[in-house]
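In: The amino acid sequence is not available; the structure is as follows:
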């Protein structure tokens, strides 16, 4: 952190699993009170709350979306994404008004003074909208338990993009983790030593798996784009010394996402929207799932400010296990020993990939 003479940067983007630069503009008192999670070997009470919130959000989002999508409802996917972004925009605006105690005009001031950086968010917004759409497609065609494991392949894609684009070198532990992850994903899609996938032409399961892998590719690209472009090119030239909370960034990103998704909805679903309306066939469970996705995105963005990579690994592990167990209870999903072995591999892979100083502390 730096003093008040430095320019302000924003801490986090959204639930896209991508990071924005940390906020530099903070008081000395806040700097003294803040404890870097990386410096502590134990989970603090705040960290424990973060763990519970992240695990709960990941699990409920997958289960709720699967519940809504399992019967292939006939509503517009673009409407679901727009609803999620509207939720984020509304709640972030309310936070600014009620918690920050600032006016609507302050949002306009922030956006006018940050036009160049808003342009940098267009690509991440497009990628995030695509991810949300693919989640609906995936959870319409595969069980939430399989999705929660398979989507962890985003670690592989992030590693691939990092090596190719950023010329990064992977640690030995990371290479081992990617092998474990690949094995775990394969195991979770097998039954009695036979792959449990119907590769017929109209296989819905294959469609869901391809959609999930598309999410992994998009997530990996977004992470690398953020590191290569946004972190290096973000500037703050017209905002002076005024401090802005994370909610302003959420308004900024949600606004860009709504413009992008709105344009796509007009191009792709214009006739349907004109004839039936944007929310045609949207029932209460769908609205609840959309609202949960929007709230969850804000929750993750806020919570990750206080979470290190190890804590995020714990949250992912708990979420995968909970999703599997609750899928059996709610959807009567049949899980076998191979799925259990796959979960163990995936959880180990997540911890290995995010671990730091592993060789020094363990080997």
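Out: Sure, I can see it. Note that the structure is a prediction, hence the values are computed from the model and not measured.
In: Any stretches of the chain with poor pLDDT?
Out: When residues are selected by pLDDT under 70, those of the chain lie in 1-48, 50, 191-202, 229-240, 300-314, 356-363.
In: can I assume residue 221 is in contact with residue 160?
Out: No: proximity of residue 221 to residue 160 does not meet the contact threshold set by C-beta atoms under 8 Å, at 9.9 Å. Glycine gets a C-beta too; all of them are placed from N, C-alpha and C.
In: Compare neighbour counts for these two and give me the winner.
Out: Neighbour count, other C-beta atoms under 10 Å: between residue 221 and residue 160, residue 221 has more, with 20 against 16.
In: Residue 349 contacts residue 153, correct?
Out: No: the pair residue 349 / residue 153 is not scored as a contact, 9.8 Å apart, by C-beta under 8 Å.
In: Now list whatever residues contact both of those two.
Out: Residues touching both residue 349 and residue 153 (C-beta atoms under 8 Å, 6 or more residues apart in numbering): residue 181.
In: more crowded one of those two?
Out: Neighbour count, other C-beta under 10 Å: between residue 349 and residue 153, residue 349 has more, with 27 against 23.
In: quick one, strands of the stretch 151-300 of the chain?
Out: 190-191, 194-195 (DSSP state E, counting those that start in this stretch).
In: Could you measure from residue 89 over to residue 297?
Out: 11 Å (C-beta to C-beta, to the nearest Å).
In: Between those two, point out the one with more neighbours.
Out: Comparing residue 89 with residue 297 by other C-beta under 10 Å, the one with more neighbours is residue 297, at 25 against 19.
In: Wait, the more buried one touches residue 91, no?
Out: No: counting by C-beta under 8 Å, residue 297 does not reach residue 91; the two are 9.7 Å apart.
In: wait, doesn't residue 350 sit right on residue 152?
Out: Yes: the criterion here is C-beta under 8 Å, and residue 350 meets it with residue 152 at 6.6 Å.
In: Overlap in contacts, these two.
Out: 181, 316.
In: Please look at residue 77 and residue 135 and confirm they touch.
Out: No: between residue 77 and residue 135 there is no contact under C-beta under 8 Å: 9.5 Å.
In: Please say which of these two ends up with more neighbours.
Out: More neighbours surround residue 135 than the other of residue 77 and residue 135, with 25 against 21 (other C-beta under 10 Å).
In: number of nearby residues for residue 154?
Out: Residues lying near residue 154 (other C-beta under 10 Å) number 23.
In: For it, give me its contacts.
Out: By C-beta under 8 Å, 6+ apart, residue 154 lies in contact with 17, 215-216, 219-220.
In: tell me, how many neighbours does residue 98 end up with?
Out: 9.
In: State the phi and psi torsions of it.
Out: phi -100, psi -30 (degrees, to the nearest 10).
In: Can you give me the neighbour number for residue 187?
Out: 20.
In: Next up, phi/psi of the spatially closest residue to it that is not a sequence neighbour, please.
Out: Of all residues not flanking residue 187 in the chain, residue 342 sits nearest, at 3.3 Å (C-beta to C-beta, 6 or more residues apart in numbering). Dihedral angles of residue 342 (phi, psi; degrees, to the nearest 10) stand at phi -60, psi -40.
In: Give me the neighbour count for residue 107.
Out: Count around residue 107 with other C-beta under 10 Å applied: 20.
In: For the helix or strand harbouring it, name the packing helices and strands.
Out: Using DSSP states H and E, residue 107 sits within helix 104-112. When contacts are defined as 3 or more C-beta pairs under 8 Å, 6 or more residues apart in numbering; DSSP states H and E, helix 104-112 sits against helix 77-98, helix 246-276.
In: Pull out the buried positions in the helix or strand following that helix.
Out: Note on helix 104-112: by DSSP H and E, the next helix or strand toward the C-terminus is helix 115-120. Neighbour-count burial for helix 115-120 flags 117-118, 120 (criterion: 16 or more other C-beta atoms under 10 Å).
In: can you list the residues you listed in a markdown table and add distance to residue 282?
Out: Below are these laid out as a markdown table (distance: C-beta to C-beta, whole Å):
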| residue | distance to residue 282 |
| --- | --- |
| 117 | 34 |
| 118 | 30 |
| 120 | 33 |
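In: quick check, nearest of those residues to residue 269?
Out: residue 118 (25.5 Å; C-beta to C-beta).
In: Would you check how far apart that closest one and residue 298 are?
Out: Residue 118 sits 19 Å away from residue 298, taking C-beta to C-beta as the criterion.
In: before we move on, what about residue 242?
Out: According to C-beta to C-beta, residue 242 stands 22 Å off from residue 298.
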